[in-house]
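>>> model this:
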Amino acid sequence: MKIIPVLDILNQTVVHGIAGQRDDYRPIQSRLTQSSQPLEIACALRDEFDFSEFYVADLDAILQGKLNLDLYDSLREAGFIFLLDCGLRCASDSASLNSRPGISVVAGLETLSAPHELGKLVQQWGTPQTVFSLDLKQGKPLVSFSPENEFALIDDPLKIAELSIQQGIQQMILLDLAQVGTGQGTGTETLCRTLRNLHPELKLITGGGIRNRDDLIAQAESGADAVLVASALHDGRIGKEALLSLS
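Numbering: from 1, shown residues only. The predicted model follows:
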């Protein structure tokens with residue numbers, strides 16, 4: 001099981017995300033570095049844990065439509081690859097990323113305008129570089145409401161997952177924003193286990209609320225191929241020894 005560290009970026013700064021309450025997000029405080037700048041945080045995590053792949057949630061783009069293209073380039077130039085959620089609403093929104101190798105696009109349920117746009121992304125980027133984020137809040141789908149968005153008519157996360165698979169998705173993030181940064185677990189274990197049983201070939205990524213090594217083991221037992229981790233890496237609850245013991 002892979003561990004993927006998270007960079008939540010707001011106002012071009014890495015922030016500590018808590019329960020999806022974005023107005024309350026504050027710059028990250030890390031035992032690894034005094035900085036909260038994305039490149040310095042990424043380098044500190046690489047130095048400590050040898051990470052080279054990240055999950056980047058660009059909240060400036062998600063909330064305001066302002067993609068931090070220079071930041072993406074600085075991360076790429078430093079040798080990092082990353083899954084990028086930049087608030088894509090339609091496939092054409094990813095056009096500025098096409099010339100930037102090392103990026104895999106994340107299409108979040110929260111912002112995506114319609115299922116067919118997910119299918120277009122798969123066609124444009126290919127299955128290895130397209131990820132669907134099944135965004136939840138307290139177990140309920142977090143959907144962009146519009147007349148043409150079929151996702152908005154479905155209140156069952158499993159049915160949304162199935163619809164995304166019909167659009168060609170082979171990689172999926174299960175993320176309950178209410179759990180993020182709370183240290184209370186992901187809350188998606190049952191959904192993960194169900195999808196693993198139904199679709200053994202599907203790559204499943206979980207995260208949000210990871211506390212310690214035991215939580216990582218629980219995610220693996222639920223069928224996760226990878227886990228997103230943020231706070232626990234910065235405050236020391238998950239250290240280098242814990243990760244080595246999982247390998």
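
>>> please, which helix or strand holds the one residue sitting closest to the centre of the chain?
Central residue of the chain (CA atoms, centre = their mean): Tyr55, 5.3 Å from the mean position. Assigned by DSSP states H and E, Tyr55 belongs to strand 53-58.

>>> in its sheet, what does that strand sit against?
In the sheet, strand 53-58 lines up against strand 2-10 (parallel), strand 81-85 (parallel) (DSSP bridges).

>>> elements contacting the following helix or strand past it?
Using DSSP H and E, the helix or strand that follows strand 53-58 in sequence is helix 59-64. If you count contacts as 3 or more CB pairs under 8 Å, 6 or more residues apart in numbering; DSSP states H and E, helix 59-64 packs onto strand 2-10. Any C-beta I mention is one placed from the backbone N, CA and C, and that applies to glycine too.

>>> can you pull out the low-pLDDT segments for the chain?
Along the chain, segments meeting pLDDT under 70 span 17, 19-22, 24, 181-184, 247.

>>> residue at max distance from the center of it?
The outermost residue of the chain, judged against the average C-alpha position, is Pro147 (26.5 Å), by CA atoms, centre = their mean.

>>> show me where the chain has strands.
Per DSSP state E, the chain carries strands over the ranges 2-10, 13-16, 26-27, 53-58, 81-85, 103-108, 130-137, 140-141, 171-176, 203-207, 226-229.

>>> ok, back up a step: out of the strands paired with strand 53-58, the one nearest Pro141 is which?
strand 81-85 (16.1 Å; CB to CB).

>>> what's the offset of the closest one from the middle of its chain?
Distance of strand 81-85 from the chain centroid (CA atoms, centre = their mean, to the nearest Å) equals 8 Å.

>>> contacts for it next, please.
The list of residues contacting strand 81-85 from outside it, by CB atoms under 8 Å, 6 or more residues apart in numbering, reads 4, 7, 52-58, 62, 72, 75, 97, 102-106, 108, 131, 133, 173.

>>> next one: Ser113 from Gly79, what distance?
34 Å (CB to CB, to the nearest Å).

>>> please read the previous query as pertaining to Gln64.
Taken as CB to CB, the span from Gln64 to Gly79 is 28 Å.

>>> and what of Asp93?
Asp93 is 26 Å from Gly79, by CB to CB.

>>> more neighbours: these two, which one.
Per other CB atoms under 10 Å, whichever of Asp93 and Gly79 has more neighbours is Asp93, with 21 against 11.

>>> next up, the contacts around that one.
Contacts of Asp93 were listed using CB under 8 Å, 6+ apart, and they are Cys86, Gly87.

>>> 10 Å - rerun?
Applying CB atoms under 10 Å, 6 or more residues apart in numbering to Asp93 gives the contacts Ala61, Gly65, Leu67, Cys86, Gly87, Val105, Ala107, Thr111, Leu112, Ser113, Glu117, Leu121.

>>> out of the residues you listed, which is most surrounded?
Most surrounded of the contacts of Asp93: other CB under 10 Å gives Ala107, at 30 neighbours.
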